[in-house]
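*Asks:* I would like the atomic coordinates for the input below:
(2 chains)
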Amino acid sequence: MQAATFLALRPQGLYCEAGDFYIDPLRSVPRALITHGHSDHARAGHDKVLATRDTLAVMALRYGAEFAHEAQVVEYGEELRIGDVAVSLHPAGHVLGSAQILIRGPGARTVVSGDYKREPDPTCAPFELIACDTFVSEATFGLPVFRHSNAAGEIEKLLASLRLFPERAHLVGAYTFGKAQRLIALLRQKGYDRPVFLHGALEKLTDYYVRRGIALGDIRKAAGAGDLAGEIVLCPPTAVSDIWSRKFADPVTSFASGWMRVRARARQSGIELPLVISDHADWDALCTTISETGCSKLLVTHGEADALVHCFKNRGIDAEPLHMLGYGEDEAPEET
Amino acid sequence: MNRFASLLDRLQHEPSRLAKLRLMTDYFRTTADPDRGYGLAALTGALSFKYAKPGLVKALIVSRIDPVLFELSYDYVGDLSETVALLWPVEASARGADHPASLTEVVRRLAESGKIDLPRVLAELLDGLDETGRWALLKLITGAMRIGASARLAKQALADLGGKSANDIEDIWHGLKPPYLDLFAWLEGREPRPVTNDPAPFSPAMLAHAITEEELAELNPHDFRAEWKWDGIRVQAAVGERRSGDKIIRLFSRTGEDISGAFPDLVAMFAELPYRAFSLDGELLIRRDGVVQSFGVLQQRLNRKKVSASLLAEYPAHIRAYDLLSFEGEDLRALPFVERRGRLETFVARAGAARLDLSPQIDFATWDRLAAARRDPASAGAGADATAVEGVMLKRAESIYVPGRPKGLWYKWKRDPFTIDAVLMYAQRGHGKRSSFYSDFTFGLWQGQTERDELVPVGKAYFGFTDEELRRLDRYVRTNTSERYGPVREVAHGKDEGLVLEIAFDGVNRSGRHKSGVAMRFPRINRIRWDKPSREADRLETLEALLKEDERMS
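*Replies:* Residues are numbered from 1 along each chain as shown, chains lettered A, B, ... in the order given. Here you go, the predicted model:
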């Protein structure tokens, strides 16, 4: 007999009937479990929100303290009883505070991955593998062409460019929450000890990382700091080609994202120095993770679902796409 | 291989010429022999591998990966080399392998492999490389680099490395072979300049500066000789003999690319001439029934990949001679122009070849006379060939032949451009220093019946304006955007809204690639007509009329 998945797709989002709650809903709902603080997953306006301490803090920073009527902190590994099911959160390795959600009921375990990665990240807790019957996986990079490079090697590319073009400012586009702070931490791991300059949109969240005790070294505001020749400036992806970029010395435009794997994508967006650094699992990591969970049913959510579904059907797993729209903000190809 | 691969990768993302040069010079400086020499060969198109074809690459990948996954991926990525490089299965432990093959080893193994061996050898090489390495290798063997770096740019980078000029490199280039050990030794000051014994070398071309009527007034007409500026392809024919007595005939473009393969009719003509060795500067044109055809006609021959007998018959190539650089072993470049011209006249007369004639000189005593000839070439001696005249050339009588664009010796005085008033339709951001500005502009003309008029795009211009005008255009685009498509913005345009641009251009060709069916040559923004209502912009028929006139005259 097929194990229960506990999940159904409703217009508001992914719904667990046995516990009467939604996971990362798109619209306002009475009770929401939030996997992580990216704005496509964490929206304001729910009655009650359950999430990790960091996810709730990020939501408060982005939407203000009134982002929900009630917010409940759930620690990693802490087990909650909600309705007929037991629910717990486990590190997903995606960004600070990100969690997978394990739902346990009589004779069945379902894991909703949220967004995840397996690569080490100095700014968040590492992914924890959880055995389950049903695995709900993201598929942002669900094509076998997506194999992320070693992040340290990509950072080396950036540093090599700085050495080659010491008279040019290096503008690196990075998502404001997660990627930007990870980049700084990776630069510090490589021994880069010059100040890193930030676009205003990155300051609030970066300050939060520092308050949480994550060492990021000398960080300064880009505003009023001159043309920043030979320096690294982090900014939101859209700002790289925005009017804002004009004040810098002959900028080298860079973007840190899994999409940069495909050269045409980088060229179309006018990126000269693409850095393939992603906070999502690449194809190999998606396949490995799905196999390792030992699941007999696979539901594939946002991203490129077709290839994963095809691949796991061939391996005798009951795989199907969950057609959910509205996700993928942090890795979406940006309109600029 | 890794160093070369990362160079290619950086080059294809880099829009700025100067930065490309820096990347290449840096590569040549920091890469050891003989690897850098093979890198140089790859960049200048001097490497080719007979049996490596896209079909082979495709066959290799579908024998290694689920064809459904390959198709989904190929659809997404769109480029075969890149798709295969990304998909190639590698053990996780081998990612970014510790001891990847050197470029030299890759080139050697590919060159040694026969048709049967090649799939296995290629697979082994791919196994040992990281993604960028695989991509570069596949680009290398399929010969479709498209990285926006020409052979000329690579030579400039070499020149920068050794503190020489690109022409110093060109002078000896055609006698050199990969991996160019003697060239690098010279550039690094370890050995003397390589002696070239190429019997048919390329001599870097001498180019002219543009001049205006006002500037002309400062010069004395008696110091100059004038010719028509022919609108074809500037070429150089180099002929010589090997020690064995074999004749070598090469046709070079202005930048030194060997284009002999596309013009067997001309190669045959040069082979027949009663000379052993010479180097001739001239214009390649199409000449039918004694009349030189417009550039539009020449372009139709250039666009064909295959040189068929019917193409040769329909588009007979012709050389109109400008200059003689060397003759039977004697270098004439240090002689004054008038003397070279005398030698050239004798050369052409004695040659007696129908496909070769002399570029005639224009008789003038004053600048006014020359201006009149420029206005009406047909009446001033060009006759029926006038459709292929794009202005006049002025050469100082005493000028020696200097490679590059020396000051004060040769001038081009181009025919006044055509102009047309068009409406701005789309704008795209530029690159490099202009990357935050909307600086590439697509413009259109009116077409259709009066009530149902619509604008049809006819071309794109990205220069001709000052920095201040660019700032104003950029502001206009940002405040009048009606639609966004990725990096492109549609700018509001219609009968009652829109910005009129006066576009200058040098001519029109028929074009299957443009929706309008016409393509302008060298379009640029002449003026921004902030004052002109868009409904008063020109109609497509105006361009079509130019096209018809051009075709009637040929």
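*Asks:* Quick check: phi and psi at the residue of the stretch 51-200 of chain B found nearest chain A.
*Replies:* Of all residues in the stretch 51-200 of chain B, the one sitting closest to chain A is B:L86 (3.8 Å; C-beta to the nearest C-beta). (Each C-beta comes from the backbone N, C-alpha and C, glycine too.) Main-chain torsions, B:L86, degrees, to the nearest 10: phi -70, psi -30.
*Asks:* just so I have it, where are all the strands in the stretch 151-300 of chain B?
*Replies:* B:209-210, B:224-230, B:233-241, B:247-253, B:278-288, B:291-292 (DSSP state E, counting those that start in this stretch).
*Asks:* And the stretch 101-250 of chain A, by the same measure?
*Replies:* According to DSSP E, counting those that start in this stretch, the strands that the stretch 101-250 of chain A contains are A:108-112, A:134-139, A:170-173, A:196-198, A:219-221, A:232-235.
*Asks:* Please produce TSV containing those strands, extended by distance to chain B.
*Replies:* TSV is the format used below for the strands of the stretch 101-250 of chain A (distance: least, C-beta to the nearest C-beta, whole Å):
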stretch	distance to chain B
strand A:108-112	24
strand A:134-139	12
strand A:170-173	10
strand A:196-198	17
strand A:219-221	20
strand A:232-235	12
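*Asks:* May I see the ones you listed arranged in TSV, with mean pLDDT and distance to B:H209 as well?
*Replies:* Converted to TSV, the strands of the stretch 101-250 of chain A look like this (pLDDT from 0 to 100; distance: least, C-beta to C-beta, whole Å):
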stretch	mean pLDDT	distance to B:H209
strand A:108-112	96	69
strand A:134-139	95	59
strand A:170-173	96	38
strand A:196-198	98	44
strand A:219-221	97	48
strand A:232-235	97	41
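*Asks:* A:W283 is nearest to which of these?
*Replies:* strand A:134-139 (9.4 Å; C-beta to C-beta).
*Asks:* circling back to that earlier point, list the contacts for the residue of the stretch 51-200 of chain B closest to chain A?
*Replies:* Contacts for B:L86 (C-beta atoms under 8 Å, 6 or more residues apart in numbering or on different chains) come out as A:144-147, A:261-262, B:73, B:77, B:131, B:135.
*Asks:* quick one on the thing from earlier: the strands of the stretch 151-300 of chain B: which one's closest to A:F197?
*Replies:* From those, taking C-beta to C-beta, the stretch that ends up closest is strand B:209-210, at 43.5 Å.
*Asks:* What mean pLDDT does that closest one get?
*Replies:* Mean pLDDT, computed over strand B:209-210, is 92.
*Asks:* Mind putting the strands of the stretch 101-250 of chain A into JSON lines with distance to B:L409 and mean neighbour count?
*Replies:* Shown next, in JSON lines, are those (distance: least, C-beta to C-beta, whole Å; neighbours: other C-beta atoms under 10 Å in any protein chain shown):
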{"stretch": "strand A:108-112", "distance to B:L409": "76", "mean neighbour count": "22"}
{"stretch": "strand A:134-139", "distance to B:L409": "65", "mean neighbour count": "26"}
{"stretch": "strand A:170-173", "distance to B:L409": "43", "mean neighbour count": "27"}
{"stretch": "strand A:196-198", "distance to B:L409": "50", "mean neighbour count": "24"}
{"stretch": "strand A:219-221", "distance to B:L409": "54", "mean neighbour count": "15"}
{"stretch": "strand A:232-235", "distance to B:L409": "47", "mean neighbour count": "25"}
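*Asks:* Kindly state the pLDDT recorded for the residue nearest to B:V195 when sequence neighbours are not counted?
*Replies:* What sits nearest to B:V195 in space, not counting adjacent residues and going by C-beta to C-beta, 6 or more residues apart in numbering or on different chains, is B:G175, at 7.8 Å. With respect to pLDDT, B:G175 scores 78.
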